[in-house]
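Visitor: show me the folded form of this:
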Amino acid sequence: RNEILPLANFPRLNSNAVYASNNKLPTDWQASKTYNFNGVKIGVVGFTLTELPNLVFPGNLDPFKILDPATTINAETKKLRNQNKVNAVVAIGHMGGDGTDILNPSPTSPAILLANDLKGVDVLLGGHTHSQYIYYLPNGKLFAQSPNAGFRFTRVRLVVNTLTKNLVYKTAD
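Guide: Here you go, the predicted structure:
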């Protein structure tokens, strides 16, 4: 964290990995970032999976703890919608589908369970299970995930009405 992350030339987005002592993000991390594309504002909220403490060597996560991603994503999305007047919100993190049917992930898949709990989020981009997904949930959210190591990529397109600035369509391929 102290050697490699400072070399990164991009924002570190994470809404749910916080200091265990005070529930705050490190000063060099952000819960979200807003990007402006010719007057269209897209909010991006970062997160990590709740199982992270069980996936790393004991003690390697210190001094952090992982909060419930739905709670932190929803709080950050509400802030983005209220303060920045974003036109769409994308949540992106290391939580994936169930590793089976790429067109119809299991309803008990961690990413699908999360997507069902999100409010105000338009697209959930996942990872971790090394499978590719493009799935439209019944609640209107789009879940997409690409395989690991650059094997494939997934393009997500958000179509915004230029007059109203409302999101009217989302797709992935």
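
Visitor: quick check: closest non-adjacent residue to the residue nearest the centre of the chain.
Guide: Nearest to the mean C-alpha position of the chain, by Cα atoms, centre = their mean, lies I92 at 1.9 Å. Excluding its sequence neighbours, the residue lying closest to I92 (Cβ to Cβ, 6 or more residues apart in numbering) is L125, at 4.3 Å. In short, each C-beta sits where N, CA and C put it, glycine included.

Visitor: cool, and S146?
Guide: Nearest to S146 is T154, by Cβ to Cβ, 6+ apart, at 4.5 Å.

Visitor: coming back round to it: in contact with the residue nearest to the centre of the chain, which residues?
Guide: Counting by Cβ atoms under 8 Å, 6 or more residues apart in numbering, I92 makes contact with L13, V44, V45, G46, F47, L124, L125, G126.

Visitor: can you check L167 too?
Guide: By Cβ under 8 Å, 6+ apart, the residues touching L167 are N87, A88, D122, L158, V159, V160.

Visitor: would you map the helices across this structure?
Guide: Using DSSP state H, the helices of the chain run over 52-55, 69-79, 110-117.

Visitor: quick one on the thing from earlier: which pLDDT does the model give the residue nearest to the centre of the chain?
Guide: Note for I92: predicted pLDDT of 97.

Visitor: any idea how far it is from I42?
Guide: Distance from I92 to I42, counting by Cβ to Cβ, to the nearest Å: 11 Å.

Visitor: please apply the same query to T34.
Guide: From T34 to I42 the distance is 7 Å (Cβ to Cβ).

Visitor: do the same with Y135
Guide: 20 Å.

Visitor: give me the buried entries from the contacts of L167.
Guide: Buried positions within the contacts of L167, assessed by neighbour count (16 or more other Cβ atoms under 10 Å), are N87, A88, D122, L158, V160.

Visitor: and which of those residues is nearest to N38?
Guide: N38 has its nearest neighbour among those in V160, at 9.7 Å by Cβ to Cβ.

Visitor: run through who's touching the least confident helix or strand in the chain by mean pLDDT.
Guide: Sorting the helices and strands of the chain by mean pLDDT, DSSP states H and E puts strand 133-136 at the bottom, at a mean of 89. With contact meaning Cβ under 8 Å, 6+ apart, strand 133-136 is reached by 96-97, 102-105, 111-112, 126, 142-145, 154, 172-173.
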